[in-house]
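Predicted structure and sequence below. I'll ask about it afterward.
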Amino acid sequence: MLKKSLLALAVSSIGVMSLPALADNYVIDTKGAHASINFSIKHLGYSVLTGRFDKFDGEFSYDPAKPEASTINVTIDTSSINSNHAERDKHLRSADFLNVDKFPKATFVSKSIKVDADDKDEFDIIGDLTLNGVTKSVTIEVEKVGEGKDPWGGYRAGFSGETEIKLKDFNIKMDLGPASQTVKLELEVEGVKK
């Protein structure tokens, strides 16, 4: 009887050890302003215009042992664009650019993740960006900043990412010349484990 019990315990232990680790789910911490979506674009080739989106939310799943299985989805309120200039922001919200009356939201939904062969804390997130009513595949280069417990009893993970998009790919009509065709997006994401 004792031998059978020990054998059953050993078999069940092996079964538990062989179970795959599950990814943890996180909410992006926009309430605490520990995340940002920033952009920059050359203005006529003479200077660089910078700005951000003030309102967005999202979630991601992440398992440090298997980052390629991670997922992320983000929704952006395009009317929250902020370039620190009210008249310019009004123009950016118009049909010349983001057309926010017709398309008030932009979204990003990941489809796959390619982990760097030499560093599992660096990876490319490939996903669908929907902006101005157009959906295109984009690749975001990501680096893990860190993860761990916070002072309030929670657990957090944070990442930095960047990508570039062409305005014409998203049917943005305004043309400010050859130097102003591409927007750089810089993303800082800190999530709180659910």
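Perfect, thanks for sending it.

helix or strand right after the worst-scoring helix or strand of the chain on mean pLDDT?
Least confident helix or strand of the chain, by mean pLDDT, DSSP states H and E, is helix 2-18 with a mean of 43. Next helix or strand after helix 2-18 toward the C-terminus (DSSP states H and E): strand 24-28.

so what does the helix or strand following that next one touch, helix or strand wise?
The first helix or strand that comes after strand 24-28 along the chain, using DSSP H and E, is strand 36-43. With contacts defined as 3 or more Cβ pairs under 8 Å, 6 or more residues apart in numbering; DSSP states H and E, the packing partners of strand 36-43 are strand 47-53, strand 182-193. All C-beta spots, glycine's among them, are computed from the backbone N, C-alpha and C.

With respect to burial, which of those scores highest?
Comparing the helices and strands packed on strand 36-43 by mean neighbour count (mean count of other Cβ atoms under 10 Å), strand 182-193 comes out on top with a mean of 18.

Check which helices and strands that one is in contact with.
So strand 182-193, by 3+ Cβ pairs under 8 Å, 6+ apart, packs with strand 24-28, strand 36-43, strand 56-62, strand 134-149, strand 155-166.
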